[in-house]
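Structural data only, the sequence is not supplied:
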């Protein structure tokens, strides 16, 4: 079972007037667990 909390690295960015966050979470050994991308522009939100 995956732990409820993990270390992560978060970066914010803007592209063409939209803003977003890239979140990479890490396993206990420091290897990559998963990557999440959250982007939004005025009136819209995209999560993947």
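Cool, the structure landed. Not measured: the values here are computed from a predicted model.

Identify the residues contacting residue 21.
Counting by Cβ atoms under 8 Å, 6 or more residues apart in numbering, residue 21 makes contact with 10, 11, 12, 13, 36, 37, 38, 39. (Each C-beta comes from the backbone N, C-alpha and C, glycine too.)

how near is it to residue 30?
According to Cβ to Cβ, to the nearest Å, residue 21 stands 21 Å off from residue 30.

related to what we said a few turns ago, inside helices: which ones of the contacts of residue 21?
Nothing among the contacts of residue 21 maps onto helices, per DSSP state H.

most neighbours, which of those?
If you count neighbours using other Cβ atoms under 10 Å, the busiest of these is residue 39, which has 17 neighbours.

can you give me the strands in this protein?
Using DSSP state E, the strands of the chain run over residues 7-15, 18-26, 32-41, 44-47.

for those strands, which one sits closest to residue 1?
strand 32-41 (13.4 Å; Cβ to Cβ).

just checking, what packs against the closest one?
The elements that strand 32-41 packs onto, with contact taken as 3 or more Cβ pairs under 8 Å, 6 or more residues apart in numbering; DSSP states H and E, are strand 18-26, strand 44-47.

Okay, now the sheet partners of it, with direction.
strand 18-26 (antiparallel), strand 44-47 (antiparallel) (DSSP bridges).

And stretch 3-20, what's buried?
Under the neighbour-count criterion of 16 or more other Cβ atoms under 10 Å, stretch 3-20 has residue 20 buried.

ok now do residue 10, which residues does it touch?
So residue 10 contacts 21, 22, 23, 24 (Cβ under 8 Å, 6+ apart).

okay, and the helix or strand of this structure with the least pLDDT?
For the chain, counting by mean pLDDT, DSSP states H and E, strand 44-47 ranks last in confidence among helices and strands (a mean of 63).
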